[in-house]
Each structure stands twice: as C-alpha cells, then as structure tokens.
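>>> Okay, here's the prediction I keep looking at, along with the sequence it came from:
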Protein chains: 2
Amino acid sequence: MDNKSSFNVKDERNLTMLVDFYELTMGNGYFRKGLKDKIAYFDMFFRRIPDDGGYCIMAGVEQLIDYLSTLKFTDDDITYLRDKHAFSEEFLDYLRDFDFSCDVWAVPEGNPVFPNEPLVTVRGPVIQAQFLETMILLTINHQTLIATKANRICRAADGRPVMEFGSRRAQGYDGAIYGARAAIIGGCSSTACTMSDRMFNIPAVGTMAHSWVQLYDTEYDAFKAWAEIYPDDCVLLIDTYNVIKSGIPNAIKVFNEVLKPLGKRPRGIRIDSGDITYLTRKCRKMLDEAGYEDCGIVVSNSLDEHIIKDVLDQGACINSFGVGERLITAKSEPVFGGVYKLVALEGDNDIIPKIKISENEEKITNPGFKKIIRIFDKNSHKAIADLITLRDENINENEPLIIFDPIHTWKRKKIKNYYTKELQSPIFKSGKCVYKSPTVLEIKDFSKLETDKLWPEVLRFENPHTYYVDLSQNLWSLKHSLLHKYTNSYEAQE
Amino acid sequence: MDNKSSFNVKDERNLTMLVDFYELTMGNGYFRKGLKDKIAYFDMFFRRIPDDGGYCIMAGVEQLIDYLSTLKFTDDDITYLRDKHAFSEEFLDYLRDFDFSCDVWAVPEGNPVFPNEPLVTVRGPVIQAQFLETMILLTINHQTLIATKANRICRAADGRPVMEFGSRRAQGYDGAIYGARAAIIGGCSSTACTMSDRMFNIPAVGTMAHSWVQLYDTEYDAFKAWAEIYPDDCVLLIDTYNVIKSGIPNAIKVFNEVLKPLGKRPRGIRIDSGDITYLTRKCRKMLDEAGYEDCGIVVSNSLDEHIIKDVLDQGACINSFGVGERLITAKSEPVFGGVYKLVALEGDNDIIPKIKISENEEKITNPGFKKIIRIFDKNSHKAIADLITLRDENINENEPLIIFDPIHTWKRKKIKNYYTKELQSPIFKSGKCVYKSPTVLEIKDFSKLETDKLWPEVLRFENPHTYYVDLSQNLWSLKHSLLHKYTNSYEAQE
C-alpha cells in the first residue's frame, strides 16, 4: 500500500495559518488561564445526509494527515500574530515551539458513514485540539461532500463509467484538485484534472473541445486532423454545429476514410448539448448502420444523478458520462455540515463528559470519549446497524445484542448471529502519525466493497431506509443524566 | 498601490498542471498539425447572473496574474506526460521550454459586470491560449461567484458590517482562502480566516466558540475568564445553554463585575442559534436596561441575504452579522457558469472572426476581437449601458449614440450627453505582466464606487431591471452574417 511514489507532486503549502481567528484568541485564553495542558476530547460529526441520501462516503483523511504532519508556525507567522495585539508573548512562544502531541482517530476513507457518528476524534491539550477545528472540518466536510455526491451520480449511471469534468467550475483550485480525488473515491472512473492525476495517480482523460473544431474551416477537416493524430484513441466531439445534420455524418465519414484504412476502430463520439435521449438514440442508429456498433457514445451536458437516471429510463444510448459542475460543487446541496464539538475533559483520574445543549433537539451532542461499532450479520455479511458506545465498552459477540432507538426507546431489536467491527482507526498517537493511507484507487475499491455491505433499502437512490445508528445503554444513560442535570439547573434559576 | 508587502505569505504552488487533460491533447494536436504559431483569440464570459441578480462583481484577476506569471513545466511534469503515451517528443520539448507570449486583457476586479461581456480576452499562439482555459475559468468563476454573493448579502445587511465566517464549510482550502478574499471585495468587513489576512491584509476577527463555555463548570465562570483576558474587546457567545435564562444574565453580570470596575465597555454579545428576531429584541432590551446601550449584538446562524432581510424587516436588533456556509459556497447557486470560447483567428493580414453556433440561441457566441464600452450619463454619472464593440471601433462622444437591443432590434435608444470608459485593461503584453493589482481593500472601495454608479433599479435585490448590454452595429452585423453563412451551409447539405 505505497501511498505515493516519490514522483508524485505533493502539496507543499504550510496551511498552519488556515485557522479561524477565534481558535487563536481561545488558545491565548486557555494559555492565560493556565489551561494549556488541560486534556480535552473533541468529536467531528455531521447531522444530516445531503440530498436526503441513505449514507455518506468518508473522505479527506489523507489530507488531514498531511496537515497534521506539517503543522508549524514560521517566524513571520509569529510576527504577524504579534501585530494583532491580542496575544501574550508567552502564548506566541508556545506557538513558535508548537509540538503537536494529540491522539487522533478517524474513520478510514471510503467507509459509508452516518449522522452523529464521530468521524474524527481528537484527544490532547485543549489549545492544540481546539486549534485543529477549522482544518479538520474544512478537509473532511469538503471531500466527504464530493465523494458522497459522486457516489450518487455513479449509482445513477448504473455501471457506466463516470468521468469527473468539473475543474473549471470548482470553487477554487483545491475544489478542483481534491474534489477530483474525492470523486474517484465516490466511484468515478477518471477525471479531466491533470493535476489530480499528477498528485494521486488517478487517471486523467480528455479529448477535444469545440475550439478544435472551430479552428478549422470545416468540421470534417477538424475531425480528419484529429483522427490522423489519435487513430488509436479517437473520440470526436460532434455538437459544434449540428449533431444530426453535420456532426455524426462527418464523424462516420472520417472513421471510414481515416481509421478504416489503418485497421483502427473509433473509440467514441461525444455530445455536449441538446436533447440527450433523442440525439443519442439517433446517433446510435446511424453508427450501427455504418458498422460502428462498438463506437461508444459519451454524454456531458450539465448532468447530475437525476438527469442521468431520467435519460437512461427514457432509453438513451450512452456508454459513459462526463459530469462537471453539478458534481464538483455538489450543486444540489453544496454544504456538508460537519461540526467539531468538545465532548469530554480529563480530570486527574477520570474522563469528565461534556454536553452541548440546544433547544433544537438534534443539535444536542453525544457526550464522552466514544467509538463506533458496526454490526454485521454472520450469514449475509450485511451491515445491520452502527452502535456508538463509550470507548471502554466491550461487546460480547457470543451473546445477543439489544439495540434501541435513542428517541423512541421502546423500539428495540435483538440481534443474534452477528460480528462487529470498530470503525475508527488511530491515525496519530502522541502527535506521531501511526496510519498509512491507501492509494486513492485502493480507497475507491474498498469503498465499493463496504458500500455493498449495506442493504439495498439503505442504498436506495430516493427515500432510502434510515440506517440504524443507536447509542449503547451506557452512553444513552450518561447523555440523559447530563441533560436532566442542566435542565434542573435552569429551573432552579427561575 | 503596493500590492503585497514582502511580509505577506504568497501561494507558492506551481499550478501549471491544473489543466483539463484535453487542453494537452489539443495542444499536441495543434503542434502536430503545424498550428502551434497560429494566433487565436479567446473570450471568457458568462451567460447568466446567479440568484437572478442585476449584476456580478468581477474578482480573481490578481490570482490569474500570479498563475500566468509562474507558468512552468518541471522535468517531472514532462516525465509524467511522456508516460501517458499521448504526446510527441517535439510537443514535450515545447512544453519544457514553454515561453508564455500571450496578450491578455481583463476587467479589473471590483467592477460590476454583466452577461456576455468578455471579462478576460486572450490573444496568442493557439496552444498557449487554449492551455489557459481551465485556470482562467476556475479562477474567475470562483471568485466572481463569491464576490457577487457577498455583495448581495452585504446589501441585505443595509450598512451593518458582515463578517465572513465560512472557512470550515468551504469547498477546499482555496475555497476558504480565496473565498474570503472575494467576500471582502464583495463588501464584507472582515473574515474569520487568518490565512487570508496573512496573505491579503484583510482583517481577521474572532472571539470564542461554544467549547470555551463548555470547558468551564459554569457559563458565568467562562464569561468571567474571557472578560478578564480581553477587557478591551469583549464579545461573549451567549447561546451555549439558554440565551434568555442564562446567557444574557451571565453576560450582564460579568460586564458589571469585571469590565465596569476597569472602566471598560463591552463590545458585544453573539447569538448563534434560535429565533433571531425574538432573541435579539429581548437581549437589546435587557442590555439597554442594564446600561449597555452601546453593546453590539452579533448574529451568526446559517444566514443569507434572505434571512438577513427578513429579520431586519421584522425589527430584529442586530449590529453586525457573521455569515458562513451560505456565503462561502454561494449555497443558493454554487456554480458560476463562465465559459472560454474561441472568437477569432489571425490570418496573414486580418482577423478572422469565429462563432460557436448552438440550437440554444443564448449559447451562440459573439465573434471577433472585441472590447466593452461603459456609457455614463454626464449629469448623474450613472451607468446607462454597456456596448460590446469590435476592438478597432471608436465612439465619438460628441455625437449622439444609438444603441439597440440585439434580439428585438426595433428597441432603440438615442443617448446624448454621455461619456464612455473602456472596461478591460491590458494585464499581459507578449507574455509580460503590465498590470499591478490594487490591494484587496482598495478593490473593495473601488467596487463600492463603481456599483454606486448603477441605477437603483439595477441594484434592486429582487427582480432587478436588466442592465443594457448591447452590441455595436458593426459587431451585430458581423455576427448575423456569420450565422446566415452557417445556416445556409447546413441547408445546402439537405
């Protein structure tokens, strides 16, 4: 599992200063109040699956590791911060000598994940653990959003390859680069983004734009020139002028005149505008009649999972899809709402769980140092449920397990004949990296395997069944005792 | 107008390989077909204003300049490309010795811009001009999208400062960093993104998170500790437990006990959840009654222009806004659809205009080497219309000017007593940079000035008047002659 060859480009930026300013004012506060060595636990989790889907695909851990491995304040950073007149010299010294010492756990990339599960857990000095908030959220939110969207689109394509084509419409350079990475994890076959291939060994592909066709006096001349240069991999873009009247007849003519004498077969035609169903069916017929039954049809015009499903249902003849802006920005729901919350503090001999109350029930956090257990059926190997437990709980797989809905607690289920798997892996111990990321293509394969363990009802494209994510009895009791404690303290004030 | 002090961090990445792979296969094709020195003209433009607004705010030119100034293929890039087995050795040599020689024009950042206007125009060898497509689009699309969204949100805030708080939900690191830059250009007063301040000298701000409050045994202890550390700049987050029952009474208590004895005034309280109108009115009353009429109220919970307008209409008492995910991702419409199209080729002695036809009328391009003229009324100094003309056209400001709708050509308007301004500025000549970017804060001020020159009907928040963007008679005639020529050539085939 060699992660990157030395040949691959690495992102060499120091992103230490990519932090919300309040992490620094709080850090200075903790320092001033003698709390710098206070050990805190934070969880990163999300509350809702975008597009009302059944699951999300975890992504971004490799970049999180890169960031945590390179955390460092330069002298110029310190000078900049001093000029803000908000920080003590002692705190600035602390930052200059920043010695990352946290423990970090994360769900490995490619795993299907669900609301309220701690995707990343950090234990360490509160200044440090707090400081990581922005980058943990930014990294995991972005890539998980795109991997999840890509997964939806690829499922809609029903086995046909989906190429990621969105760089030009991405939200910034990293939106393109890491977005393409996440798209592959979510199931895309390739990307147009050369930089992503260069960095992550994911296949970059591409043929021609309309400008190639426009540059020549006639579409025929443009196609002929292209076929002469790329006879082994000839894909022609046929919608510059008029697909049916001009594009497809010229393409067939060039296949006959240039490729056939060389004994080559065309690889495909691409359509980037117009009525996809009508045009692809007509093109398929014309290609078949001309003896090019093996010539693929690529489609690429403002596609998303809904349009792909629709045109396939209507009988469009498509071999592969290029999907751009609606994938790379997750256009239908472009925000992944991950949050990072304090869940515990360490006392001298114990862990003190912390809870964030809210009048909005779903915003109340799960307190304590926790883990996620995924429960599989021994016969089908399908995932039955996830159980969030306190970190020190153990499940005896030889005994039946009773799980219950954390809101409607009378809804109970007894599980027998199962095995369990802990979802989080340690990625840093005492500030040292202990995890080696798989390659992106390995993660993609892993994701396919793990996703296939979900029941079809959860995988369903629309109105999926809600996968069970329950709390252990201990965690549930802890949470409710803290809730009662806080509620009582308000009532006492009244 | 010193753009950056040497102290500022610069993005040192080489983004040369951030290119759609087809730019490279086309480049190789141009090279193989002896077209490498063919001079081409490309325009970058967009077709529709996001959120059905009245105008967009141009942004991203400084980053485009950074990119064009550092274009370079490394030896490893060449090795990587060779391994693709798609490129000739001669083409790879060309890339290794890539000598950027294009002329580039762009509309300076901060200007209001409109559909179909060439925001960026490139003239140069077709391989080079084509190669820039991805980065021009990616850079301008992203920042223009966010600057435009920020401008909407700031207008809704009606003079109250808007802080950009979205890093954690941005689409990748650059989404946060350059998104914050664009947000300032669009009118935001500050950002939470420290890195953006570090890079662009835009003010980074921040106070505390809920975790600060949770870390202490009581909310009161947490507030007291904060006020002791930051007596001069004390903003308390009052919604960790319960705003009215706990947060605001504790805040007032701490203002009285900690700040008052020091002779300090509190700067503000912040509310991040709940019913904004109800809570801010109640908090305002409680603060006023306690003698803190000057204490600001900051609100920051999933805001956008619509919510801001609504709560202000309802009489919410708010002094400033923190806006996160819906600004930094332009959530309501997260794609800016800029395109980059071939518009002309150079012959031996002339410019040969090129057009891209489409069955979708609005996708038909404006051919030729062009410029944008903005026409102002001499008395009011308001912008009356923009006129897209061929590059060599001149307008005699002493004569009345007749403009007409390019679709409904009978709709004509005679303009007198006007002056004109050319919108594009040269930014590269023969591959050398000839433009010095203003600072971000200068661009922000410039944008305010230029936007104020639009009529209120165009600035309107919803259902704005469509600003006139017309074609000169020469350009209109050229376009229509090319359209007829192509249409005739199809009919000849039938």
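Here it is on my side, so go on. Worth saying up front: this structure is predicted, and the values here are computed from it rather than measured.
>>> Under the pLDDT cut-off, which ranges of chain A? List them.
A:1-8, A:490-494 (pLDDT under 70).
>>> those strands in the stretch 151-300 of chain A, which residues are they?
A:162-164, A:190-191, A:235-237, A:268-271, A:296-299 (DSSP state E, counting those that start in this stretch).
>>> Just put the ones you listed in JSON lines and tack on mean neighbour count.
(Glycine included, C-beta is placed from N, CA and C.) Listed next are the strands of the stretch 151-300 of chain A as JSON lines, based on neighbours: other Cβ atoms under 10 Å in any protein chain shown:
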{"stretch": "strand A:162-164", "mean neighbour count": "27"}
{"stretch": "strand A:190-191", "mean neighbour count": "27"}
{"stretch": "strand A:235-237", "mean neighbour count": "25"}
{"stretch": "strand A:268-271", "mean neighbour count": "24"}
{"stretch": "strand A:296-299", "mean neighbour count": "22"}
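>>> Mind checking those for the one nearest to B:Tyr292?
The minimum distance between B:Tyr292 and the strands of the stretch 151-300 of chain A falls on strand A:162-164, with 53.2 Å, by Cβ to Cβ.
>>> Check which helices and strands that closest one sits against.
helix A:133-157, helix A:173-185, strand A:190-191, strand A:320-323 (3 or more Cβ pairs under 8 Å, 6 or more residues apart in numbering or on different chains; DSSP states H and E).
>>> And the contacts of it?
Outside strand A:162-164, the residues that touch it by Cβ atoms under 8 Å, 6 or more residues apart in numbering or on different chains are A:150, A:153-154, A:179-180, A:183-184, A:187-193, A:205, A:298, A:300, A:320-324, A:327-328.
>>> Chain B next: which of those residues are close?
Residues of those in contact with chain B (Cβ under 8 Å from any Cβ of the partner chain): A:179, A:192-193, A:205.
>>> How about the contacts made by the residue nearest to A:Leu236 when sequence neighbours are not counted?
Spatial nearest neighbour of A:Leu236, chain neighbours left out: A:Ala251 (4.8 Å); criterion: Cβ to Cβ, 6 or more residues apart in numbering or on different chains. For A:Ala251, the contacting residues are A:223, A:236, A:238, A:266, A:269, by Cβ under 8 Å, 6+ apart.
>>> Is it correct that the last one is in contact with A:Ile244?
It refers to A:Ile269. No. Counting by Cβ atoms under 8 Å, A:Ile269 stays clear of A:Ile244, with 11.9 Å between them.
>>> overlap in contacts of the two?
Counting by Cβ under 8 Å, 6+ apart, the common neighbours of A:Ile269 and A:Ile244 are A:Cys283.
>>> Now neighbour count too, for the ones next to chain B among the contacts of strand A:162-164, in TSV please.
Below are these laid out as TSV (neighbours: other Cβ under 10 Å):
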residue	neighbour count
A:Gly179	33
A:Ala192	27
A:Cys193	35
A:Val205	25
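>>> Not counting sequence-adjacent ones, nearest residue to the most centrally placed residue in chain A?
Centroid check for chain A by Cα atoms, centre = their mean gives A:Thr144 as the closest residue, at 2.2 Å. Spatially, and ignoring its direct neighbours in sequence, A:Thr144 is nearest to A:Ala59 (5.1 Å; Cβ to Cβ, 6+ apart).
>>> what kind of secondary structure is the one you found in?
Following DSSP: H, G, I helix; E, B strand; the rest coil, we place A:Ala59 in the coil state.
>>> tell me the phi and psi of it?
Backbone geometry at A:Ala59, expressed as degrees, to the nearest 10, gives phi -160, psi 150.
>>> Now do the same contact list for it.
Taking Cβ under 8 Å, 6+ apart as the contact definition, A:Ala59 lies against A:109-110, A:140, A:143-144, A:146-147, A:181-182, A:185-186, A:443.
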